[in-house]
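Peer 1: give me a model of this one.
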Amino acid sequence: ALRGRNESCVGVCLRGGRGHLDRLRFRSPSRHFTIEGDFVDGSSNIHGPQNGSREVRDILSLRDSSQERVAFQQRQNSKLEGRLSQLKFINSNMANGVRWARDTRDLSARPVDCADLMVMGAERSGVYDIYPFTCNCRNKVQVWCDMETDGGGWTVFLSRQAENPREDFNRSWAQYKKGFGDRSEEYWLGLEALHAITSSRKYNLRLDLLLSNNIPVYNIWQNFRIGSEDTGYRLTWRTFSTLDDTMSSNCLTYANGRSFSTYDVDEDVYSGNCAALRGGGWWYYDCQQFNPTNSGGDNAGETGFNISCLNRDILSLDGLQLKVRPTVCSDKVKSVYLNTYQAGNCGQFSVGP
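Peer 2: Prediction:
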């Protein structure tokens, strides 16, 4: 430490800063030397013959210790900013019942779909945030997660009501690309999000017909995938299974390999425009097949949907859902969360032969 008059002078110089020390100019009481130091870039200049004196060494030591404190504070600020980002992410899902451990989780394991959320601890069906776009992890998407059907973990991308429908599905290409509707009622997730989700790993597609008598009627397709916009969001699947004979045929037989159509983008083989005729976007071949976005037409029947793949008339249909779930859990999410929660048995995601 400096002694006597030197100590007093240094104290005055330090208190004269702007809340932190950028530069210090010290002139010795004996006027034998002057030190000018920059605490930002670490440079210093010593003017005078006695640059090796104890006074000089004390001043330079003070400069070095101040630089260390500034660097330490910068590191602490960086850590706090990272923790704040993590807390914001955690808080966004707390209302939906996602349990979080007390230790900080790896944000590179953000949920791509509802199966990831289930492994993270989500238990209740509801609206959640997912992050399917690898190019921008901040670009979240809201989705309805079915955490009850067949073990849960289903990401619903289409939900419709037969009675009192509230959403108009006769939409443009741009709207089907982005998505629309109320996630807790009727909605379409969006082609771009669906492409991002199904491109991350292998998925199963499930069609659930929601009956008023609670009898389950569903189809499942394995290796379901939606291509990029360059392919017209082409739909592909490999194998098909069903619960009973309620479904007389594979509802997506004609959709396999087809590009998406809307009233302003026609990709079907029909001479006209099926999307314009039926009033809803879909992977049309011609206009006679299953179309859950149908707004009316010859095959709409009592339900308002074209469900011509049914084996018998079902007049008690309350609605339908299309949803996807991975065949296995994400390795990244599983490694970070599963050991803590044991909330998702990843083996249960395997469906079909």
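Peer 1: please count neighbours and contacts with C-alpha atoms only from this point.
Peer 2: Fine.
Peer 1: low-confidence bits of the stretch 51-200 of the chain, can you list those?
Peer 2: Applying pLDDT under 70 to the stretch 51-200 of the chain flags the ranges 51-57, 59-60, 63, 78, 81-109, 135-138.
Peer 1: please enumerate the strands of it.
Peer 2: Taking DSSP state E, counting those that start in this stretch, the strands of the stretch 51-200 of the chain run over residues 126-130, 141-146, 154-161, 180-181, 187-188.
Peer 1: out of those, flag the one nearest Val324.
Peer 2: strand 154-161 (5.2 Å; C-alpha to C-alpha).
Peer 1: which one of the strands of the stretch 51-200 of the chain lies closest to Arg69?
Peer 2: The nearest among the strands of the stretch 51-200 of the chain, by C-alpha to C-alpha, is strand 126-130 at 39.8 Å.
Peer 1: separation between the nearest residue to Arg110 once chain neighbours are set aside and Arg166?
Peer 2: For Arg110, ignoring the flanking residues on the chain, the nearest one in space by C-alpha to C-alpha, 6 or more residues apart in numbering is Tyr131 at 6.5 Å. Tyr131 sits 27 Å away from Arg166, going by C-alpha to C-alpha, to the nearest Å.
Peer 1: likewise for Arg201?
Peer 2: For Arg201, the distance to Arg166 equals 33 Å [C-alpha to C-alpha].
Peer 1: per-domain residue ranges of the chain.
Peer 2: Each domain of the chain is listed here as a residue range: 4-83, 107-349, per automatic domain parsing.
Peer 1: quick one, helices of the stretch 51-200 of the chain?
Peer 2: Assigned by DSSP state H, counting those that start in this stretch, the helices in the stretch 51-200 of the chain fall at 54-94, 114-120, 173-178, 191-198.
Peer 1: export the helix or strand just after the last one to PDB, keeping only CA atoms.
Peer 2: In other words, helix 191-198. Downstream of helix 191-198, the first helix or strand assigned by DSSP states H and E is strand 203-211. Taking Å, rounded to 0.1, in the frame of the first residue of the first chain, the C-alpha atoms of strand 203-211 are listed here in PDB:
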ATOM      1  CA  TYR A 203     -42.400 -40.300 -36.700                       C
ATOM      2  CA  ASN A 204     -45.700 -42.100 -36.500                       C
ATOM      3  CA  LEU A 205     -48.900 -40.400 -37.700                       C
ATOM      4  CA  ARG A 206     -52.100 -41.100 -35.900                       C
ATOM      5  CA  LEU A 207     -55.700 -40.200 -37.000                       C
ATOM      6  CA  ASP A 208     -58.200 -40.200 -34.100                       C
ATOM      7  CA  LEU A 209     -61.900 -40.000 -34.800                       C
ATOM      8  CA  LEU A 210     -63.500 -38.500 -31.700                       C
ATOM      9  CA  LEU A 211     -66.800 -40.300 -31.200                       C
END
